[in-house]
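Undergrad: Okay, sequence plus prediction incoming.
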Amino acid sequence: MFPLHFLGLFNIAVATIFEEKKKKEVVQHDVSIYKRGDLLEVPRTLFTHFGIYLGNNRVAHLIPDILPVLTTDQKVLEKMVTNDRLILGVIAKKASVRVDSVEDFAYGAEILVNHMDKVCSRPPFAGEEVATRAEKLMGSVSYSLLWYNCEHYVMYCRYGTSMSFQTYQFCKAVRKILCSKTSSLLSLLLCLFLMFYLESVSIFIIVPTFFIPPTIWMAS
């Protein structure tokens, strides 16, 4: 869990670096091509952000935000989420399902429409049902880069399944690294090194030495 959390913070830091540049870029979005219930996808530098189009230039999306924890002033909360608010929200594991304009949601990037329809094995709900499900989840929520992020939210709204392909790909990559023959050999060498370095044999060394490396080897 920690690696993904760290990756998320790194992604946010990268986004912060390019914030001023992004503000200067102007990307025109033709909202007439979007239909209520469409799943909007915005590619970022190292990750992808998702939202549900509600109509009238409004997008519902889940985004980390610390401010709802600190205030209930709706005028303050309605302002666009800054990177500072976002970073603190990730750390505090707090987020909001909120509505922003298409421009604020896209933040200067191009938008893909319903791209997940080609990936998800489940057919999407009707547009009105998707939008209604998105609207019912408005407000503050607990946030997790691994277990509940913006992709989990939109996948539940449009397909009825709360999952994240980004999380799946990350976990798959981590599993490939950890459950490899190289990791098995390294863990064995580490255990043997500890045995000789400590110059004593105890159950706390014997058990890891005889069980961890073989287990990783069999899983690879």
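TA: Alright, I've got the coordinates.
Undergrad: Mind telling me what element Gly51 is part of?
TA: strand 48-55 (DSSP states H and E).
Undergrad: Mind listing the strands that strand pairs with, and their directions?
TA: Strand pairing for strand 48-55, using DSSP bridges, gives strand 39-43 (antiparallel), strand 58-64 (antiparallel).
Undergrad: for the ones you listed, which one ends up most surrounded?
TA: Neighbour counts (mean count of other CB atoms under 10 Å) averaged over each of the strands paired with strand 48-55 peak at strand 58-64, with a mean of 24. (Glycine included, C-beta is placed from N, CA and C.)
Undergrad: Now render the strands paired with strand 48-55 as TSV, adding distance to Ser140.
TA: Shown next, in TSV, are those (distance: least, CB to CB, whole Å):
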stretch	distance to Ser140
strand 39-43	22
strand 58-64	10
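Undergrad: quick one: which of the ones you listed is nearest Asp117?
TA: In terms of CB to CB, the element of the strands paired with strand 48-55 nearest to Asp117 is strand 39-43, at 7.7 Å.
Undergrad: ok, and what's touching that closest one?
TA: By CB atoms under 8 Å, 6 or more residues apart in numbering, the residues outside strand 39-43 that reach it are 34, 48-53, 59, 102, 105-107, 109-117, 124, 130, 154, 157-158.
Undergrad: filter those to the buried ones?
TA: 34, 48-53, 59, 102, 105-107, 109, 111, 114, 116, 124, 130, 154, 157-158 (16 or more other CB atoms under 10 Å).
Undergrad: Export the strands paired with strand 48-55 to JSON lines and append columns for distance to Leu86 and mean pLDDT.
TA: Shown next, in JSON lines, are the strands paired with strand 48-55 (distance: least, CB to CB, whole Å; pLDDT from 0 to 100):
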{"stretch": "strand 39-43", "distance to Leu86": "14", "mean pLDDT": "93"}
{"stretch": "strand 58-64", "distance to Leu86": "5", "mean pLDDT": "96"}
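Undergrad: Looking at the ones you listed, which is nearest to Met80?
TA: Closest approach to Met80 among these (CB to CB): strand 58-64, 9.9 Å.
Undergrad: Which is the succeeding secondary structure element to the closest one?
TA: Taking DSSP H and E, what comes next after strand 58-64 is helix 67-70.
Undergrad: Check which helices and strands that following helix is in contact with.
TA: helix 74-77, helix 83-92, strand 94-101 (3 or more CB pairs under 8 Å, 6 or more residues apart in numbering; DSSP states H and E).
Undergrad: Only the buried residues of that helix, if you could.
TA: Neighbour-count burial for helix 67-70 [16+ other CB under 10 Å]: Leu67, Pro68.
Undergrad: Quick check: mean pLDDT of it?
TA: Per-residue pLDDT values over helix 67-70 give a mean of 88.
Undergrad: Now for the residue nearest to Leu137 when sequence neighbours are not counted: which residues touch it?
TA: Nearest residue to Leu137 in three dimensions, chain neighbours excluded: Val97, at 5.0 Å (CB to CB, 6 or more residues apart in numbering). By CB under 8 Å, 6+ apart, Val97 lies in contact with Ala60, His61, Leu62, Ala134, Leu137, Met138, Gly139, Val141, Tyr153.
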